[in-house]
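K.L.:
fold the following.
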Amino acid sequence: MPEAVGRLVKQLVVTHKAVGLYPTSSAIPRENASIAMGFLRSILQSRGEMRLSVTKEGLLYEQTPVFPGQPTYVAFALEMYNRNLSEVRFHAGVTERDLLAFLEVLKTPLNELVHGGGFESQLWERQVDAVTVTEATTRIVDSDDAPGDAPPPGEPWPPSVDRIDEILVGAFGGRPRDQRILVRVIQSPELVRDYLIGSLASRGSRPAAAHVESHVASLAHVVKGEMPGDQPELFRSLAEAVLQLDPELRLELIRDKLLTDARRDESLAAVVRSLRVEEICDILVQGLAGHDSNVEGVSRAIRNLALISLAGREEVIQAASKAMVAAGVDEQTAAAVVENATPSRLKVRERPKVDEADPVDNVIRMVDLAPAQRAGAEDPAIESLREEARAGITDADIMGALVTLVTLDVRPEPFAAVMALIEDNLGSLLDRHEFAAAADAAAALLDAETDRRLSTAQRRRVRNALASLARTEQMHLVSKAMRIYGQGTREYTACRRLLEILGQHALEPLLEVLADEQDMATRKAMVDLISDVAPAHIEVLGDKLNDRRWFFVRNVVAILGNTRASVALPYLERTLRHADARVRRETIRAASSIRDPRSEQMLGAALSDDDPQNVTIAARYLGASGSRSAAAALEVVARGEGSGNREVGPRVEAIEALVRLGQTSSLPVLQDIASRKGLLRRESKEVVAAAANGVARIRARKGGAPS
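P.N.:
Residues are numbered from 1 along each chain as shown. Model prediction:
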């Protein structure tokens, strides 16, 4: 291992500790970073970039271990390994600020990194492009196709209940090996079923269904952290494990727990959505008797099926009716289930009478005794409030009843009366932080908007009521709640579900809220949310690129890039010439994510940008894409010609891109640059060394082809 590499790693460790103890703007971290930069520059004088591979056992430089077995350096490597880094690259043009920013991100806990979009995204937010990383991801591999994917040495298989519990406790603690074990368990419905049954031995006095649901929820949250393409298979595996449980436990689990809590927990909702409506209805009607509790439980489950968007309300009712007929349920009980699931009139269930010591009555009695003018005890309004308080009725309950009633009677006068109440009070749910109730109401209104029985005017009124939840001030409340409560909480999940339901209604208000949002993690989450609905509204987003606020335009560009749609490129061509370099930089990044000949042309045009940082990024993306048509433009940058490419960083990056393209036609340019050395050297050492190294690599790849 070269001595300079060892000295650099030692200094990185020292600087990393300094960043953990002092702000990056203070003298001590900056002084240590300056020393590290000296070692790094000496390495970059002989190559275009310096790479460190990350393993659990330590760092590697060109497959050579760096201080193997020494605890200090192994711990430093683990800091990167536990944040899913597999490689770190320091490019020519790296600065002291870039180095400090990298080490600052390295101090961020893994869950915050995931919430903020990952390590690379955090570097990008800090405008760092001279330090890049490769992030590792967990992939699902079929053991039949990959016999080498055996459990880690010393790991018994299948793992015991206690071992799975241990892994679940640290599931988000950055231990990739344990994550792989957990994924392999979830892949097998039989193993999941055995785990759920085995865990019942430790439930104590807790009801079996509640205990099993908590374990299903923990596994579902692990799946939610996997790659999107792998999630459906894993969620279905969890659902199949639930189907394999004892019939009585399975019924109680699905009817009383999963279908209720899935309205608040998106991970549980994904498990339920992995089942067919017919499968769930067949389970719900098993053992259905005429008792009120059974009828109410099945009716509530049917309503929840529709609310979590597993299927439309009518489809769920039809499936439930067929299941009841097949199960031999008598007509009276079946009719009661359907009536409770889709009531024709509002019912308020009486609650048991309470004694005079009830806290509600005590509060009202204190109000009555207050030294102020009050209504008499016989005042109907006071009595009405007392009854509502005893029954436990909240504003959310009332709004839920109203949105249920809105399509039961579509005659003009009753419909108008109910809609007036909804329009006046719907927004208050967000004011009171009733996010789950607001999401349920939005889902019901979205369903009502497609009801064919409604007239055009009535559907327009429903649509306007739904849009009222997406006003800018309402989106500010949702954004604030997502920042306060954080990912994984019920409130955060409910807010995300609400935004997904609002869809296009929330597009423009969310863009305004995004422009004002300061929290990086919340901003990243909002960009992802808007990106989900963006492909259908590219033209609307394109019109927003005329906004005078550079940061607003940058957000829209990032969203357009996330669509990966070629139709977004004409709009991105406009921002490639934006006055602000930061907007142009985001445009280069967005164009690189869209595989299209037009995007390669745009990246080639970006090589003439006035900003050296933008030229560096464009050259890097062109080299990675293998765009041979860009070779001529890259040669111009490599020679240092033009306004934004005279500095070391972009020139070395262009040389590296030419080497990746591997065209022998570029050899004369590289040889000319490599020859500019000596006492009257006209080039920097980094550029000359990169060109000489590039010539050797191209010739070696071509078998020593002449220039």
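K.L.:
mind telling me what element residue 451 is part of?
P.N.:
Under the criterion DSSP states H and E, no helix or strand holds residue 451.
K.L.:
what about the residue lying closest to it once chain neighbours are set aside, which SS state?
P.N.:
Beyond its immediate neighbours in the sequence, the residue positioned closest to residue 451 (Cβ to Cβ, 6 or more residues apart in numbering) is residue 407, lying 5.1 Å away. No exception for glycine: its C-beta is placed from N, CA and C like everyone else's. Per DSSP: H, G, I helix; E, B strand; the rest coil, the local secondary structure of residue 407 is coil.
K.L.:
ramachandran coordinates for residue 407?
P.N.:
When read as degrees, to the nearest 10, the backbone of residue 407 gives phi -110, psi 10.
K.L.:
in the protein, which spans are strands?
P.N.:
49-54, 59-61, 64-65, 85-91, 131-135 (DSSP state E).
K.L.:
so which of those strands is nearest residue 36?
P.N.:
Residue 36 sits nearest to strand 85-91 of all those, at 9.9 Å, using Cβ to Cβ.
K.L.:
mind listing what's buried along that closest one?
P.N.:
With burial defined by 16 or more other Cβ atoms under 10 Å, the residues of strand 85-91 counted as buried are 85, 88, 90, 91.
K.L.:
do stretch 180-193 as well
P.N.:
180-189, 191-193.
K.L.:
stretch 466-483 now?
P.N.:
In stretch 466-483, counting by 16+ other Cβ under 10 Å, buried: 466-467, 469-470, 474-483.
K.L.:
need the mean per-residue confidence for it.
P.N.:
When pLDDT is averaged along stretch 466-483, the result is 82.
K.L.:
how about residues contacting it?
P.N.:
423, 426-427, 430-431, 433, 435, 438, 441-442, 445-446, 449, 491-492, 495-496, 498-499, 502, 505-506, 509-510, 512-513, 516-517, 519, 521-522, 525-526 (Cβ atoms under 8 Å, 6 or more residues apart in numbering).
K.L.:
and those, which of them are in helices?
P.N.:
Using DSSP state H, 423, 430-431, 435, 438, 441-442, 445-446, 449, 491-492, 495-496, 498-499, 502, 509-510, 512-513, 516, 521-522, 525-526 are the members of the contacts of stretch 466-483 that sit in helices.
K.L.:
which among those residues end up buried?
P.N.:
The buried subset of these (16+ other Cβ under 10 Å) comprises 430, 435, 438, 441-442, 445-446, 449, 491-492, 495-496, 498-499, 502, 509-510, 513, 521-522, 525-526.
K.L.:
before we move on, the earlier item: quick one: which of the strands of the chain is nearest residue 668?
P.N.:
Proximity to residue 668 (Cβ to Cβ) singles out strand 49-54 among those, at 23.6 Å.
K.L.:
contact partners for residue 43?
P.N.:
Contact analysis of residue 43 by Cβ under 8 Å, 6+ apart lists 2, 4, 5, 8, 50.
K.L.:
let's see it at 7 Å
P.N.:
Residue 43 sits next to 4, 5, 8, 50 when contact means Cβ atoms under 7 Å, 6 or more residues apart in numbering.
K.L.:
quick one: the first one from residue 90, how far?
P.N.:
So the one you mean is residue 4. Per Cβ to Cβ, to the nearest Å, residue 4 is found 12 Å from residue 90.
K.L.:
could you report the neighbour count for residue 569?
P.N.:
Applying other Cβ atoms under 10 Å, we find 19 residues neighbouring residue 569.
K.L.:
could I get the pLDDT score of residue 32?
P.N.:
For residue 32, the model assigns a pLDDT of 91.
K.L.:
what is the neighbour count of the residue nearest to residue 451?
P.N.:
21.
K.L.:
try residue 544
P.N.:
19.
K.L.:
what sits against the residue nearest to residue 65 when sequence neighbours are not counted?
P.N.:
In space, and not counting its chain neighbours, residue 65 is closest to residue 58: 5.6 Å by Cβ to Cβ, 6+ apart. Going by Cβ under 7 Å, 6+ apart, residue 58 touches 65, 66, 67, 68, 73, 74, 77.
K.L.:
tell me, what's the model's pLDDT at residue 58?
P.N.:
For residue 58, the pLDDT comes out at 89.
K.L.:
go on, residue 588?
P.N.:
With respect to pLDDT, residue 588 scores 93.
K.L.:
equivalent analysis for residue 579, please.
P.N.:
Here, the pLDDT recorded for residue 579 equals 91.
K.L.:
from residue 276, how far off is it?
P.N.:
Distance of residue 579 to residue 276, computed by Cβ to Cβ: 54 Å.
K.L.:
do residue 62 as well
P.N.:
Distance, residue 62 to residue 276, using Cβ to Cβ: 54 Å.
K.L.:
do residue 515 as well
P.N.:
43 Å.
K.L.:
those two - which one has more neighbours?
P.N.:
Taking other Cβ under 10 Å, residue 515 and residue 276 do not tie; residue 515 has more neighbours (16 against 13).
K.L.:
list the contacts for that one?
P.N.:
Here residue 515 is in contact with 549, 551, 552, 555 (Cβ under 7 Å, 6+ apart).
K.L.:
for the second one, which non-adjacent residue is closest in space?
P.N.:
Spelled out, that is residue 551. The shortest distance from residue 551 to any non-neighbouring residue, by Cβ to Cβ, 6+ apart, is to residue 515 (6.3 Å).
K.L.:
can you check the last one too?
P.N.:
Computed as Cβ to Cβ, 6+ apart, the closest residue to residue 555 that is not its neighbour in sequence is residue 514, at 5.2 Å.
K.L.:
rebuild the contacts of residue 58 as CSV, extending it with neighbour count and distance to residue 165.
P.N.:
Shown next, in CSV, are the contacts of residue 58 (neighbours: other Cβ atoms under 10 Å; distance: Cβ to Cβ, whole Å):
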residue, neighbour count, distance to residue 165
65, 17, 35
66, 21, 36
67, 18, 36
68, 12, 34
73, 20, 33
74, 18, 28
77, 24, 29
